[in-house]
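Enquirer: What would the 3D arrangement of this be:
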Amino acid sequence: MKKIIISSIFLLLPLLFIKGQIAIGEWRDHLPYMHAKKVALSEDNVFCATRQSVFKYNISGNNLKKLSRVEGLSDFGISSISFSKELNLLLIAYENSNLDIVQNNNIINLSDIKRKQIPGLKTINNILFSDKYAYLSCSFGIVVVNIEKHEIKDTYYIGNEGARINVFDMAFDGVYLYAATEQGVFRAPYNDPNLFFYATWKNIAKSNNGNVYNHIVSFRNKIFVNQTNENIATDSIFIITDTTRQLFNIKPEFKNYSFRSGQDYFVISSDKIVRIFDKDLNPTREIDHYGYGYPFAMDAIIDMDGIIWIADQNSGLVKSRGQNYFDGIFPNGPYTTGAFDLAVDNSTVCAVGGGIDASWSGIYRNVEIFIFQNEQWESILNYSVHDAVNVLIDPANNTRIYVGTWGNGILVYENGEIAEQFSQSNSSLESMIPGEPYVRIGGMEFDKNHNLWVTNSGVNNPVSIMTDKGNWFSFPYSNYINSSLQGNILITKHEHKWIVLPKGNGLFAFDEKGTFENTNDDNWRKFSVKDTEGESFNNIFSIAEDLDGNIWVGTDHGPLVYYSPENVFSENSFVAQRIKIPRNDDSGLADYMLGTEVITAIEIDCANRKWIGTENAGVFLLSEDGTKQIYSFNSNNSPLFSDRISSIALDHNTGEVFFGTDKGLISFRSTSTSGSNDFNEVYIFPNPVRENYNGPITISKLVSNVNIKITDIAGNLVFETTALGGQAIWDGKNLNGDRVQTGVYLIFCSNEDGSKTHVTKLLFIH
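Expert: Sure, this is the predicted structure:
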């Protein structure tokens, strides 16, 4: 097991990227920033790219700034970046051939290549700037972009007879353009008007035996190229001309990831070392250790002050000042993008990377646990255990984390270390394979008495409980369930347990009546999910109980609701309802809410609204009864990384909603929070409201769902609303939709029966 607490392992500058709570309506990413791949320099900034995003380090100001989809990037999956000092802009290229130009705090998207129908891959491998043009090394050829005009100038297909070939990198020596490709090194005169014609490009160093040229640079009138070796994990470097190929004989050889050159230096970045040569090709420095770890250098560049900036696969942006001084620089974040399941308790957020595939088979991904507390991420990696599928935070001790795995039972972590592991040898859990330690956990949940309920797939006793005293009991329901797979378990306010039976097997509910050792008095029922018209919906992916005790079931045809779930054992015709939305076309017809979507996650906020995650359509926030869409977020209209949602969790203290996607974790600050028992800590922000503030005014720390009336000092009503849980929102406008005038405003708070009331004041300044 590897525990990564970034601030304790890496020698960080005193800039640690810590950002407080975001405002209502804002987003923030929770991405890994340690896995850097490209670095670029401007006059006073260093830009470092990971696959997911870019971050900028300001050298003189000693501060960091993120640049992801939250800040306006158009896409995900960065392949390369480059900075043009002549044009004063950063160009970001993506694996799908999308482009972003970042200049003067503006982001301009060029999606022409992405939208163009080109057979095969369209990855942009590298970027070469020359004058106002960017030459893009693409998986199909070369694309020339006129950066000033924001348009594609030309495309060169330089393979035999104009065939598409993979161009990995390009160089320019002042006379010729060079392209390192899968077929060899091609060269063409820079000023030739026929660069679009394949015959203009001459192959001066052909590839052989499956080896390709993937990096190229011009340095001191020499062209250096990197050739991969198909059969061994090291590369060879050559100096080439139009007629010769000379081995640049440096030992030992490594896997090389980039070549960079300046006026007086040549840098080779490798998987174990960074090597620097002077203008006469004498080795001046080798970096093979950072003092806290070993290099996995993907890219490196040297600034005007001789400082080396390294984009490292495991250490983020590394700054090297002198022989033995290194700084690891990167924003705080989880170690990977894993967010298969999420849990939140008392503002502690826990995510696990792992999971299973659509057939409910393990994917053999190492267990990854990420804990977000006090605005800092801590990462715990366990390389000996695979496929975490669910996570719980102990409600009695939020330093204790329960992780259910698909094959290794339950892992219990406390303060970052494994405190316990429950399997067939020390609990009532059973192995699916007799004699082998293969315990598959489908779901876990604590009841109100702090008993842990667990589903255990593929065994005779598919439900177990660990009591608050640590005693284990199991329940022999396999013949009743008649399914080898058991998923999530929900404990209702009536203490009934509902279990999802994956792959079209419906639901199973039971009530053990508190007698764990006696199953003779149990009530149980396996049932198909049917609507009021008798149609079945047995492919179930999620389940949740709302604040009214209704049970929401996420199927492959949208959500269904059981409005009297306590009758699960007594009603012969136990049916759910689909939510109908009348059409606005005078037809008298209605559609089903999200009726074509696979519902992968359901969470209930403190105003009893429903956050719905889907397989392909992003996230929706539905009203309390599910008939209205309050929000609809997807990758086209929001910073959401992906429309494929795996998990949702809410921090009820702050209203922040966390979305786990297949591309990483992101959060959004919503309007609902948990309520207080009284009005002793009512807080208004901002107060006073200044003339230059136009955002939402929040009244928080309220008793749940109170009525709010806002009047002027004369008692005239200007606004009325109901709190969303423990928080009310006002836009600063009166009942006519106009901004209120300067003055003092009274805020009257009252619960439904008037037993709890409160009055406070707010000052408006124009």
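Enquirer: Any idea what the residue lying closest to Leu490 once chain neighbours are set aside is bridged to?
Expert: On the basis of C-beta to C-beta, 6 or more residues apart in numbering, the spatially nearest residue to Leu490 that is not a chain neighbour turns out to be Trp498, at 4.5 Å. Where you see a C-beta, it was placed from the backbone N, CA and C, and this is true even at glycine. When bridges are called by DSSP bridges, Trp498 pairs up with Leu490, Ala509.
Enquirer: before we move on, what about Thr721?
Expert: Note on Thr721: beta-bridge partners Ile708, judged by DSSP bridges.
Enquirer: And it, how far from Asp731?
Expert: Noted for Thr721: a distance of 10 Å to Asp731, by C-beta to C-beta, to the nearest Å.
Enquirer: Neighbour count: those two, which is higher?
Expert: For Thr721 against Asp731, the residue with the higher neighbour count under other C-beta atoms under 10 Å is Thr721, and the figures read 14 against 11.
Enquirer: give the contact list for the more buried one.
Expert: With contacts defined as C-beta atoms under 8 Å, 6 or more residues apart in numbering, the neighbours of Thr721 are 707-708, 728-730.
Enquirer: Can you tell me which of those is closest to Ser315?
Expert: Sorting the contacts of Thr721 by how near they are to Ser315, with C-beta to C-beta, puts Ile729 at the top with 42.6 Å.
Enquirer: The nearest residue to Ala297 once chain neighbours are set aside sits in which helix or strand?
Expert: Nearest residue to Ala297, sequence neighbours excluded (C-beta to C-beta, 6+ apart): Ser269, at 3.9 Å. With secondary structure defined by DSSP states H and E, Ser269 is part of strand 266-270.
Enquirer: so what's Arg583 scoring on pLDDT?
Expert: With respect to pLDDT, Arg583 scores 89.
Enquirer: Given the strand holding Ser269, what are its sheet partners and their directions?
Expert: Listed by DSSP bridges, the sheet partners of strand 266-270 and their directions read strand 256-261 (antiparallel), strand 274-277 (antiparallel).
Enquirer: which one of those lies closest to Trp611?
Expert: For those, proximity to Trp611 was assessed by C-beta to C-beta; strand 256-261 is nearest, at 41.0 Å.
Enquirer: for the closest one, the distance to its chain's centre please.
Expert: Distance of strand 256-261 from its chain centroid, counting by C-alpha atoms, centre = their mean, to the nearest Å, is 29 Å.
Enquirer: Convert the C-alpha atoms of that strand to PDB, please.
Expert: Below are the C-alpha coordinates for strand 256-261, written out as PDB (Å, rounded to 0.1, in the frame of the first residue of the first chain):
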ATOM      1  CA  ASN A 256      13.000   9.000 -24.600                       C
ATOM      2  CA  TYR A 257       9.900  11.200 -24.400                       C
ATOM      3  CA  SER A 258      11.000  14.600 -25.700                       C
ATOM      4  CA  PHE A 259      13.800  16.600 -27.300                       C
ATOM      5  CA  ARG A 260      14.100  20.300 -26.600                       C
ATOM      6  CA  SER A 261      16.700  22.800 -27.700                       C
END
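Enquirer: returning to what we had before: how about the contacts made by the residue nearest to Ala297?
Expert: Residues in contact with Ser269, defined by C-beta under 8 Å, 6+ apart, are 256-260, 297-300, 310-311.
Enquirer: Ok, Phe641 next?
Expert: The neighbours of Phe641, taking C-beta under 8 Å, 6+ apart as the test, are 29, 52, 69, 76, 635, 661, 663-664, 666.
Enquirer: Save the residues you listed as TSV, and put in neighbour count, distance to Gly159 and secondary structure too.
Expert: Written out in TSV, the entries for these read as follows (neighbours: other C-beta atoms under 10 Å; distance: C-beta to C-beta, whole Å; DSSP: H, G, I helix; E, B strand; the rest coil):
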residue	neighbour count	distance to Gly159	secondary structure
Asp29	20	39	strand
Gln52	21	32	coil
Arg69	22	35	helix
Phe76	22	30	coil
Ser635	18	34	coil
Thr661	22	37	strand
Lys663	20	33	coil
Gly664	27	36	strand
Ile666	26	40	strand
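Enquirer: ok, of these, which one's closest to Asn214?
Expert: Proximity of the contacts of Phe641 to Asn214 was ranked by C-beta to C-beta; the top entry is Gln52 with 22.9 Å.
Enquirer: The nearest residue to that closest one once chain neighbours are set aside: neighbour count?
Expert: Closest residue in space to Gln52, ignoring its immediate chain neighbours: Leu31 at 4.6 Å, by C-beta to C-beta, 6+ apart. Burial of Leu31 is recorded as 26 neighbouring residues (other C-beta under 10 Å).
Enquirer: my guess is Leu31 meets Ser53, correct?
Expert: Yes: using C-beta atoms under 8 Å as the test, Leu31 is close enough to Ser53 to be in contact (5.6 Å).
Enquirer: Show me the contact partners of stretch 141-149.
Expert: Contact partners of stretch 141-149, identified using C-beta under 8 Å, 6+ apart, comprise 84, 87, 89, 91, 99, 101, 110, 113, 124, 132-136, 151-159, 164-165, 167, 170, 179.
Enquirer: Could you tell me the end-to-end distance of that stretch?
Expert: Stretch 141-149 has its terminal residues 21 Å apart, counting by C-alpha to C-alpha, to the nearest Å.
Enquirer: Could you do stretch 455-469 as well?
Expert: With C-alpha to C-alpha as the measure, the first residue of stretch 455-469 is 19 Å from its last.
Enquirer: Show me what counts as buried in that stretch.
Expert: By neighbour count, with 16 or more other C-beta atoms under 10 Å as the criterion, the buried positions of stretch 455-469 are 455-459, 461-466.
Enquirer: residue ranges with poor pLDDT in the chain?
Expert: The chain contains residues with pLDDT under 70 at 1-20.
Enquirer: Tell me which residue is most central in it.
Expert: Residue closest to the mean C-alpha point of the chain, counted by C-alpha atoms, centre = their mean, is Gly664 at 1.6 Å.
Enquirer: That one against Tyr335, yeah?
Expert: No: in terms of C-beta under 8 Å, Gly664 does not count as a neighbour of Tyr335; the distance is 11.6 Å.
Enquirer: thinking again about what came up before, and the two most separated of the buried residues of stretch 455-469?
Expert: Gly458 and Met466 (19.5 Å).
Enquirer: and the host helix or strand of Ala134, which strands flank it?
Expert: In this assignment (DSSP H and E), Ala134 forms part of strand 133-138. Under the criterion DSSP bridges, strand 133-138 sits next to strand 124-130 (antiparallel), strand 142-146 (antiparallel) in its sheet.
Enquirer: Identify all contacting residues around that strand.
Expert: The contact list for strand 133-138 (C-beta under 8 Å, 6+ apart) reads 82, 84, 91, 93, 97, 99, 113, 122-129, 142-147, 153, 167-170, 172, 177, 179-180.
Enquirer: repeat that for 7 Å
Expert: 91, 93, 97, 122-128, 142-147, 153, 167-170, 179 (C-beta atoms under 7 Å, 6 or more residues apart in numbering).
Enquirer: So which residues of the stretch 401-550 of the chain form helices?
Expert: According to DSSP state H, counting those that start in this stretch, the stretch 401-550 of the chain carries its helices in the segments 478-481.
Enquirer: same question but for the stretch 201-350 of the chain, I mixed them up
Expert: Taking DSSP H, counting those that start in this stretch as the criterion, the stretch 201-350 of the chain contains no helices.
Enquirer: that older thread, if we compare the strands paired with strand 133-138, which one ends up closest to Gly470?
Expert: When the strands paired with strand 133-138 are compared by C-beta to C-beta, strand 124-130 sits nearest Gly470, at 56.0 Å.
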